[in-house]
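Peer 1: Sequence first, predicted model second:
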Amino acid sequence: MKLNKLLHLLFAFTLLLGVASCSNDNNDELVINYGNGIFISNEGNFGKPNAEVTFVTADLNFKQDNLFSTNNGGAKLGDVLQMMAFNGQNAYLLLNNSNKIQIVDRSNFKANGEITAELNQPRYMAFANNNIYVTNDKYGGDKFVSIYKVADRSFVKKIPFTDAAERIVEAGNNIFVQNASFGFGNKITYINTSTNDIQSVITLPNGNINKIVSSNQNVYAIAAGTADSYIYQISSAGSITKTTTLTGIANAKNLEISNGKFYFTSGKNVYTMDMSATTTPTAPLFTVASSIDQYSDLYGFSVVGDKIFTSDANGFTQDSKIVVYSTSGSIIRSFAAGISSNGAYWN
């Protein structure tokens with residue numbers, strides 16, 4: 001490695017990441033600690049093992065692509081990285097079309113295990129009561145939640161569903177499953193993690209659920225209607241405790257919660273409001289630029305601390321365009337990530 005190149009890299013890493021070590025052989029490599037930064041999940045193309053992960057530092061001044069292959073001897077991550085989740089020292093990478101959960105050390109992204117048993121087109125996962133809960137929803141096929149022990153990753157049980165098994169979150173050490181997908185469905189199933197049985201089914205009175213999230217031991221569901229939309233607060237005991245009507249905002253989706261505020265989208269518009277507010281915002285916080293096609297617009301939307309990450313999938317054939325906004329709506333930074341970037345996660 002040439003000295004001037006090494007010095008530039010060392011300077012960047014020291015400021016932004018911290019350098020863990022540098023090998024002494026002829027193939028010098030900087031070993032990076034990925035703590036205190038953001039992972040971006042890149043789905044890749046369906047049917048191809050080109051899913052990957054991008055890392056950016058908290059100040060957005062340094063980016064590294066292809067984390068899995070870089071840190072695992074060029075190995076391929078898999079087909080369709082649906083989401084990432086974290087538990088203890090590990091990051092769990094759910095690969096929908098590979099029917100696999102790849103596990104890596106979250107600090108160096110070295111692979112240290114995987115789960116493949118009883119997975120059939122897995123969608124999302126959550127952790128509760130020392131178990132991993134994974135939704136599976138094969139198009140035209142089985143729908144179920146598969147459960148595994150965190151300690152040894154062994155299969156515990158399968159809970160079958162008739163309706164969709166889509167997003168899944170933990171609240172109050174219980175599990176909630178979104179029985180709605182692609183804008184259709186208004187039910188949420190509450191699983192008691194002491195017995196791993198279905199406790200109850202919650203039916204929302206208005207709208208179709210686009211997304212559920214958890215915050216402060218509550219579940220929040222954003223449900224879309226043709227004229228108005230709704231945000232429902234559901235307690236960890238499975239009761240609807242509050243309804244916020246988004247008057248005049250149709251087809252709201254992509255709900256995120258950060259620092260006491262709701263963030264959500266409708267079309268290409270991004271809105272925010274205090275969680276305690278009783279009136280709907282009259283104007284969007286910002287509107288994203290049009291993409292190559294309508295499906296690429298806002299393909300990824302995440303709020304990480306005080307930053308809003310948006311992804312333009314750019315036609316799903318080339319690198320995604322990531323635009324990061326402040327929570328006041330100003331553009332902070334733009335950069336390219338992998339194919340079909342769908343989410344950003346604080347590590």
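Peer 2: Yep, it's here. Numbers count the residues shown, from 1 in each chain.
Peer 1: hey, let's count contacts and neighbours off CA atoms from now on
Peer 2: OK.
Peer 1: Show the contacting residues for residue 142.
Peer 2: Shown in contact with residue 142 (CA atoms under 8 Å, 6 or more residues apart in numbering): 120, 136, 160-161.
Peer 1: Kindly report the same for residue 146.
Peer 2: Each residue near residue 146 by CA under 8 Å, 6+ apart is listed here: 118-119, 133-136, 155-159.
Peer 1: Which two of these have the greatest separation?
Peer 2: Largest separation among the contacts of residue 146 by CA to CA: 136 and 156, giving 15.0 Å.
Peer 1: Quick check: phi and psi on residue 67?
Peer 2: When read as degrees, to the nearest 10, the backbone of residue 67 gives phi -60, psi -40.
Peer 1: any idea how far it lies from residue 35?
Peer 2: 13 Å (CA to CA, to the nearest Å).
Peer 1: now the strands: where do they sit in the stretch 51-200 of the chain?
Peer 2: Here the stretch 51-200 of the chain has its strands, by DSSP state E, counting those that start in this stretch, at 52-57, 63-64, 81-87, 90-95, 100-105, 111-115, 122-128, 131-137, 143-149, 155-160, 168-171, 174-181, 184-192, 197-203.
Peer 1: Could you export those strands to TSV, including columns for distance to residue 231?
Peer 2: Shown next, in TSV, are the strands of the stretch 51-200 of the chain (distance: least, CA to CA, whole Å):
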stretch	distance to residue 231
strand 52-57	31
strand 63-64	35
strand 81-87	23
strand 90-95	27
strand 100-105	31
strand 111-115	34
strand 122-128	21
strand 131-137	23
strand 143-149	25
strand 155-160	27
strand 168-171	16
strand 174-181	14
strand 184-192	12
strand 197-203	13
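Peer 1: Name the nearest residue to residue 278, sequence neighbours excluded.
Peer 2: Computed as CA to CA, 6 or more residues apart in numbering, the closest residue to residue 278 that is not its neighbour in sequence is residue 244, at 7.0 Å.
Peer 1: buried residues in the host helix or strand of that neighbour?
Peer 2: Following DSSP states H and E, one finds residue 244 within strand 240-246. Using 16 or more other CA atoms under 10 Å as the test for burial, strand 240-246 gives 240, 243-246.
Peer 1: Repeat that for stretch 248-266.
Peer 2: So, applying 16+ other CA under 10 Å, buried residues of stretch 248-266: 249-258, 262-266.
Peer 1: Kindly report the same for stretch 281-291.
Peer 2: Result for stretch 281-291 [16+ other CA under 10 Å]: buried residues 281, 284-287.
Peer 1: Cool, thanks, signing off.
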